[in-house]
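> Take a look and give me a structure for this.
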Amino acid sequence: MHAEGAHDVVELPFANRAAAGQALAQAVQRSVAGIELILGLPRGGVAVGAEIASALHVPLDVFLVRKVGAPGQPELAMGALAETGHIEMNQSVLDRLQVADDVFKAVIEAERREIERRLEHYREGRPAPDVQGRRVVVVDDGVATGATTLVALRALRAQRPAYLVLAVPVCPPPVLNRLESESDQVVVLATPHPFGAVGSWYGDFHQMTDDEVTVLLGQ
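I've put the predicted structure just below:
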């Protein structure tokens, strides 16, 4: 369980997600062998993952995760949910805000519906890819708190892949240390400190649409 690529010389900010994906693809090619599937975390991770899938000539699909935002503070994660139903709870936030169980369950249900809506749009009836026994790379356009990344890695680990890799362009050092224990390998291009927001490390970090994701998946 180790990180690769963190000490490469990387010029920041990345021009856009495609440029970050191209650079990340080179790092993945150098350090990971036998990759069979790329899973992008929508929406931005699909744009980055598309470049890696193209370079490695392997299939690209999505893995849906959603942050469970605190009431009145949607950017504060009190948990995260994966498309498999796997839930991670941020107990310190729940305790600090004294969030009632029924409130937490209501937010979970709303995020579950959003996952179902996106899956219908993105996969268009296709089944979820089978990751059991396969060498899989999970890709996002960057990690900030790590809440959704963590739930993705744990949910996928439960499906018993042969080898599970996390590949991201940028990640803060403390979060990287935590995620290394959740995957077999981490490939990251830059670990800037102080970190701020993921978008601050991109020139173009526009809010992607569902249609953009669908186009990338159909390439």
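
> how far is the longest helix seen in the chain from where the chain is centred?
Secondary structure of the chain per DSSP state H: the longest helix is helix 101-123. In terms of Cα atoms, centre = their mean, to the nearest Å, the centre of helix 101-123 is found 17 Å from the chain centre.

> In the chain, what residue spans correspond to strands?
Applying DSSP state E to the chain gives strands spanning 2-4, 37-40, 60-62, 65-70, 73-82, 87-89, 135-139, 163-170, 185-190.

> Which among those is found nearest to residue 204?
strand 163-170 (13.2 Å; Cβ to Cβ). In this view, the C-beta of every residue, glycine as well, is placed from N, C-alpha and C.

> That closest one pairs with which strands?
Counting by DSSP bridges, the strands paired with strand 163-170 are strand 135-139 (parallel), strand 185-190 (parallel).

> Poorly predicted segments of this structure, please.
1-9 (pLDDT under 70).

> Residue 137: what's it in contact with?
Neighbouring residues of residue 137 by Cβ atoms under 8 Å, 6 or more residues apart in numbering: 28, 32, 35, 37-39, 49, 52, 165-167, 187.

> Can you name the two of those that sit furthest apart?
Of all pairs in the contacts of residue 137, the most separated under Cβ to Cβ is 37 and 187 at 15.2 Å.

> Between those two, tell me which one has more neighbours.
Legend: neighbour count by other Cβ atoms under 10 Å for residue 37 and residue 187, higher for residue 187 (26 against 20).

> May I see the strands of the chain arranged in a markdown table, with distance to residue 102 as well?
Shown next, in a markdown table, are the strands of the chain (distance: least, Cβ to Cβ, whole Å):
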| stretch | distance to residue 102 |
| --- | --- |
| strand 2-4 | 40 |
| strand 37-40 | 33 |
| strand 60-62 | 30 |
| strand 65-70 | 14 |
| strand 73-82 | 14 |
| strand 87-89 | 15 |
| strand 135-139 | 32 |
| strand 163-170 | 34 |
| strand 185-190 | 37 |
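
> Relative to residue 128, which of those is closest?
strand 60-62 (7.7 Å).

> Determine the set of other helices and strands touching the closest one.
Under the contact criterion of 3 or more Cβ pairs under 8 Å, 6 or more residues apart in numbering; DSSP states H and E, strand 60-62 touches strand 37-40, helix 44-56, helix 101-123, helix 210-217.

> buried set for the last one?
Of the residues in helix 210-217, those scored as buried under the neighbour-count criterion (16 or more other Cβ atoms under 10 Å) are 212-213, 216-217.

> what packs against it?
Helix 210-217 packs on helix 44-56, strand 60-62, helix 101-123, going by 3+ Cβ pairs under 8 Å, 6+ apart.

> at 7 Å instead, please
When contacts are defined as 3 or more Cβ pairs under 7 Å, 6 or more residues apart in numbering; DSSP states H and E, helix 210-217 packs onto helix 44-56, helix 101-123.

> likewise the shortest one?
If contacts are counted by 3+ Cβ pairs under 7 Å, 6+ apart, strand 37-40 sits against helix 44-56, strand 60-62, strand 135-139.

> Identify all contacting residues around that strand.
With Cβ atoms under 7 Å, 6 or more residues apart in numbering as the contact definition, strand 37-40 has outside contacts at 46, 48-49, 52-53, 58-63, 129, 131, 134, 136-139.

> I appreciate the help and will end here.
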